[in-house]
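> quick one: sequence plus predicted model below, questions after.
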Amino acid sequence: MLSAESAAVVRATLPAVAGALDEITTRFYGAMFRDRPELLDGMFNRGNQASGAQRRALAGSIAGFATALLDDPETRPDTLLERIAHKHAAVGVTDDQYTIVHKYLFGAIAEVLGDAVTPEVAAAWDEVYWLMAGALIGREARLYQDAGVEPGKVWRQWTVVERRAETPDVVSFLLRPADGRPAPRARAGQYVSVRVLMTDGVHQLRQYSLSSDPGGDQRRITVKRVAGTAGAPDGEVSDLLHTQIHEGDELTLSAPFGDVFLDDAADATAPVVLVSAGIGGTPMTGILAHLTALGSTRPVLVLHADRSPADHALRTETSKVAGQLPGARAVFWYEHPGAEEPDAREGLMNLDGIELPGPRGTALRRRRGRVSNDSGSRGRPSCWCAPAASLRSSSACPPCGHRRRRAPAVTTASYGRPRLARCPRRS
């Protein structure tokens, strides 16, 4: 896929480019938003822009893709981009925007690296960029087709039919399509983007996992109010949803996307292990509700860590739904235990004494891990290098491409720093 000539140039210049990526991406976003301010309206998360998270994510994806190409120049590492493609589809990215990004990104590269960007260097990195962009464009086109929407046109109005406080800082919204048409197909574990108009007239969007069974014509999202830390402001979208959205109001939601989901036949028997912490438990509750709706009898192990029972969003529902599954078992950890969960364990999640279902349960039980119960980001699935049987994701560890072995179907959604059975190449 990557020509031999370009591979040699990229290999020689990767250290310099990677070392300058922070400055390159800073200048890239600055120039692009200066000339194209409309992209900040409903496309880019300005909170991530302010914190530098978007800049770091772009730099990491470019360096990772280039490194993977050098490791195997004959193969385009599409699996590294699966999660990015779903995120792009969820915000309505279209193929023409890759031309805009190319213009400003390569302008920033030339500005930062100066005379080091010879025509040969520019051509080699141009090849890397369009291999990456081409993979994303193709995958996003298929995602739009599967979702039954035109590229970029992912938005529909939904009516809030119920608002329910789950904890002091978590609220659930039950929604149905405002136009009366059937809800789009969703898979348990996926998420939607929520697009709202801020007080300054700019649209902002955030992604929230579906926290109920995705069958039928109603959907539920469960939103944690993000409090600013270390001088950072509070989360503007979560704050608006908590303070201004009530029953009868309408929200703009995208079609559902997400590359980690459970979508098996009702008679599937492979074990499922769901590991989460904090607000990362919300997609797990949706997966459990889906299994219950199917009448599943497969072995299910639910592991969740939180600050306290009072902070554990959907705690009662998770226990109830798990109790309706004949093969399910739930274990909770709390830093501050309470009488509401007398059987819960104290402290951070620790796998000592926990045997996972399936033929490799004993071996996995010996892999100790701990999950912090505190973070400032939305819970999101994290790499577990051994699943594939029933939880559908890419066939390789997204960050590193390491091939997975068959084992109990596992997903981890972590609100904190997951340290459970991570990919050996990332340990």
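Alright, I've got the coordinates. Numbering: from 1, shown residues only.

> quick check: buried residues in the helix ranked longest in the chain?
Across the chain, the longest stretch assigned as helix under DSSP state H is helix 4-35. Within helix 4-35, the residues that qualify as buried are 6-7, 9-10, 13-14, 17-18, 20-21, 24-25, 27-29, 31-33, counting by 16 or more other Cβ atoms under 10 Å. Heads up, the C-betas are built off the backbone N, CA and C, glycines and all.

> just stretch 144-156 next, same as before
By neighbour count, and taking 16+ other Cβ under 10 Å as the criterion, the buried residues in stretch 144-156 are 144, 147, 149, 151-152, 154-156.

> which of these lies closest to A268?
Distance to A268, by Cβ to Cβ, is smallest for A147 among these, at 23.7 Å.

> residues contacting that closest one?
Applying Cβ atoms under 8 Å, 6 or more residues apart in numbering, one finds that A147 lies in contact with 89, 154, 184-185, 255-257.

> okay if I get those residues as TSV plus distance to D96, secondary structure and pLDDT?
Shown next, in TSV, are the contacts of A147 (distance: Cβ to Cβ, whole Å; DSSP: H, G, I helix; E, B strand; the rest coil; pLDDT from 0 to 100):
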residue	distance to D96	secondary structure	pLDDT
A89	15	helix	97
V154	16	coil	97
P184	24	coil	95
R185	27	coil	94
A255	20	coil	98
P256	24	coil	98
F257	20	strand	97
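
> now the buried members of those residues.
89, 154, 184, 255-257.

> the buried residues of stretch 144-156 in strands, which ones?
Assigned to strands by DSSP state E, the following of those qualify: 155-156.

> can you pick out the most distant pair from the buried residues of stretch 144-156?
With Cβ to Cβ as the measure, no two of these lie farther apart than P151 and R156, at 15.5 Å.

> so F44 sits in a strand?
No: with the criterion set as DSSP: H, G, I helix; E, B strand; the rest coil, the secondary structure at F44 is coil rather than a strand.

> which residues touch the residue lying closest to it once chain neighbours are set aside?
The spatially closest residue to F44, leaving aside those adjacent along the chain, is Q54, at 6.8 Å (Cβ to Cβ, 6 or more residues apart in numbering). Contacts were defined as Cβ under 8 Å, 6+ apart; by that measure Q54 touches 29, 44-45, 48.

> just the angle between the host helix or strand of Q54 and helix 4-35, please?
Using DSSP states H and E, Q54 sits within helix 53-71. Comparing the axes of helix 53-71 and helix 4-35 via axes from the mean of the first three to the mean of the last three Cα atoms, to 10 degrees yields an angle of 170 degrees.

> show the average pLDDT along helix 53-71.
What helix 53-71 shows for mean pLDDT is 91.

> next: stretch 296-314.
This predicted structure assigns stretch 296-314 an average pLDDT of 96.

> and it, how far from the chain's centre?
Per Cα atoms, centre = their mean, to the nearest Å, the displacement of stretch 296-314 from the mean C-alpha position of its chain is 19 Å.

> and it, what's buried?
By 16+ other Cβ under 10 Å, the buried positions in stretch 296-314 come out as 296, 298-306, 308-309, 311-314.

> contacts only, for the closest residue to V170 other than its chain neighbours.
What sits nearest to V170 in space, not counting adjacent residues and going by Cβ to Cβ, 6+ apart, is A313, at 4.2 Å. Taking Cβ under 8 Å, 6+ apart, we find A313 in contact with 166-167, 170, 222, 224, 279, 281-282.

> ok, back up a step: so which elements touch the longest helix of the chain?
Packed against helix 4-35 by the contact rule (3 or more Cβ pairs under 8 Å, 6 or more residues apart in numbering; DSSP states H and E) you find helix 53-71, helix 96-113, helix 119-147.

> distance to P233 for the ones you listed - can I get that in TSV?
Formatted as TSV, the entries for these read as follows, by distance: least, Cβ to Cβ, whole Å:
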stretch	distance to P233
helix 53-71	14
helix 96-113	27
helix 119-147	31
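
> of the ones you listed, which is nearest T243?
Distances from T243 to each of these were compared using Cβ to Cβ; the minimum, 24.1 Å, belongs to helix 53-71.

> buried sites along the closest one?
Within helix 53-71, the residues that count as buried by 16+ other Cβ under 10 Å are 54-55, 58-59, 61-62, 64-69.

> ok, back up a step: W125: which of the contacts of A147 is nearest?
After measuring the contacts of A147 against W125 - Cβ to Cβ - the closest member comes out as A89, at 25.7 Å.

> find the nearest non-adjacent residue to the closest one, please.
Among residues not flanking A89 along the chain, L143 sits closest, at 4.3 Å (Cβ to Cβ, 6+ apart).

> quick one: neighbours of the one you found, just the number.
A total of 21 residues lie near L143 under the criterion other Cβ atoms under 10 Å.

> quick check: the gap between it and D213.
22 Å (Cβ to Cβ, to the nearest Å).

> cool, V171 as well?
With Cβ to Cβ as the criterion, V171 and D213 are 19 Å apart.

> about what we covered before: in what helix or strand does the residue nearest to V170 lie?
With DSSP H and E as the test, A313 turns up in no helix or strand.

> equivalent analysis for L253, please.
Judged by DSSP H and E, L253 forms part of strand 250-254.

> which neighbours does that strand have in its sheet, and in what orientation?
Strands that pair with strand 250-254, judged by DSSP bridges, come out as strand 155-167 (antiparallel), strand 191-197 (antiparallel).

> can you give me how far the shortest one is from the chain middle?
The reference is to strand 191-197. Taking Cα atoms, centre = their mean, one finds strand 191-197 lying 14 Å from the centre of the chain it belongs to.

> tell me the mean pLDDT over it?
For strand 191-197, the mean pLDDT works out to 97.

> same question for stretch 318-331.
Per-residue pLDDT over stretch 318-331 has a mean of 95.

> if you count neighbours, what's buried in it?
Per 16+ other Cβ under 10 Å, stretch 318-331 contains these buried residues: 318-319, 321-322, 325, 327-328, 330-331.

> what about that stretch, how long is it end to end?
Stretch 318-331 stretches 11 Å from its first residue to its last (Cα to Cα, to the nearest Å).

> highest average neighbour count across the strands paired with strand 250-254?
Ranked by average neighbour count under the criterion mean count of other Cβ atoms under 10 Å, the strands paired with strand 250-254 are headed by strand 191-197 at a mean of 22.

> and the very next helix or strand once past that one, what does it pack onto?
Scanning the chain past strand 191-197 towards its C-terminal end, the next helix or strand to appear is strand 203-209 (assignment: DSSP H and E). Contact partners of strand 203-209 among helices and strands, from 3+ Cβ pairs under 8 Å, 6+ apart: helix 82-91, strand 191-197, strand 219-224, helix 236-244, helix 282-294.
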